[in-house]
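Colleague: Below are the sequence and a predicted model; questions follow.
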Amino acid sequence: MTPPDKLLVAMATYNERDNLPDMVRQVLAVVPGAELLVVDDNSPDGTGQWAAEQAAADRRISCLHRPRKMGLGSATIAALRHAVQHAYTYVVLLDADGSHDPREIPQMLERISSAQAAAPDIVIGSRYVPGGSTIGWPWYRRWMSRSINAFARLMLGLPVRDCSGAFRCIRVALLERVDLDSIRSHGYACLEEILWRFKQVGARFEEIPIVFANRQRGHSKINTRESLAALWMLFRLGLRNWFRV
């Protein structure tokens, strides 16, 4: 990353007060020149309040407070809009629960900032390329994740193995070519829809292997209802992809 480049690291939060302080510390230790955005959905556990206190003490940190739990998808879009509006060069998205290792960020930046003509527009931290893995998941969660990714690749024609992975480094110039208002998914299917929208504008994709560690504190926010809603949205997007309906 060259000095003029501006990097935003963004994390969506809902009840991550136990995890967020360590994640913020790790991110700023790894990329001290970055700015960090917390998108908080009015967490009852005080996550947003903690982030606001840190923002008052460290100019690198800011917090976008939302009035209620609005979902990962809309939080992700809010972070991407923030990156465009404030003219960042790159934006890194990662989970706040400790599942993603911030030490992978420099490798992502090295790939996306390459001077080569074929440098990627998005680098995905992938569990499903050689060298990638998950730790702490039961077999049925591994099976479900792989099945959803296979379904997304089939329905949307995505050229990546880990379509649902939330650890991503994106060139902000790519976001300027995408109509973020056209994204219809507000839940977990947003992660796949974003990649599909990128594919439509000719984005270059690259995956690097990561080790995904299951959260140690707190609870996963995804439930059966949200999983089914995500599958339904992928099916609808797939119809548009294949039949233009």
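Modeller: Perfect, thanks for sending it. Residues are numbered from 1 along each chain as shown.
Colleague: List the residues that contact I183.
Modeller: Contacts were defined as CB atoms under 8 Å, 6 or more residues apart in numbering; by that measure I183 touches G73, I77, C190, E193, I194, R197. (C-beta placed from N, C-alpha, C; glycine too.)
Colleague: Under a three-state scheme, what state does the residue nearest to the fourth one when sequence neighbours are not counted occupy?
Modeller: Taking CB to CB, 6 or more residues apart in numbering as the measure, E193 lies nearest to S185, with 4.5 Å between them; neighbours along the chain are not counted. Recorded secondary structure, S185: coil (DSSP: H, G, I helix; E, B strand; the rest coil).
Colleague: Based on its surroundings, how many neighbours for S185?
Modeller: By other CB atoms under 10 Å, the residues close to S185 number 24.
Colleague: was I right about it contacting G73?
Modeller: Yes: between S185 and G73 there is a contact at 5.0 Å, judged by CB atoms under 8 Å.
Colleague: list residues touching both of the two?
Modeller: Both S185 and G73 are in contact with E193, where contact means CB under 8 Å, 6+ apart.
Colleague: to the chain's geometric centre, what's the distance from stretch 136-145?
Modeller: Relative to its chain's centre, stretch 136-145 lies at 20 Å (CA atoms, centre = their mean, to the nearest Å).
Colleague: buried set for that stretch?
Modeller: Residues of stretch 136-145 classed as buried by neighbour count (16 or more other CB atoms under 10 Å): W137, S145.
Colleague: cool, and stretch 194-203?
Modeller: I194, L195, W196, R197, F198, K199, A203.
Colleague: Now, those that are in helices?
Modeller: If you go by DSSP state H, those have I194, L195, W196, R197, F198, K199 in helices.
Colleague: And the strands in this structure?
Modeller: 7-13, 35-40, 61-65, 90-93, 122-126, 133-135, 168-171, 205-209, 211-213 (DSSP state E).
Colleague: For M155, find the nearest of the ones you listed.
Modeller: Between M155 and the strands of the chain, the shortest separation by CB to CB is 16.8 Å, and it involves strand 205-209.
Colleague: returning to that earlier point: what's the closest of the ones in helices among the buried residues of stretch 194-203 to W139?
Modeller: Distance to W139, by CB to CB, is smallest for L195 among those, at 26.2 Å.
Colleague: residue contacts, that closest one?
Modeller: Contact analysis of L195 by CB under 8 Å, 6+ apart lists I122, L156, L158, V160, C163, F205.
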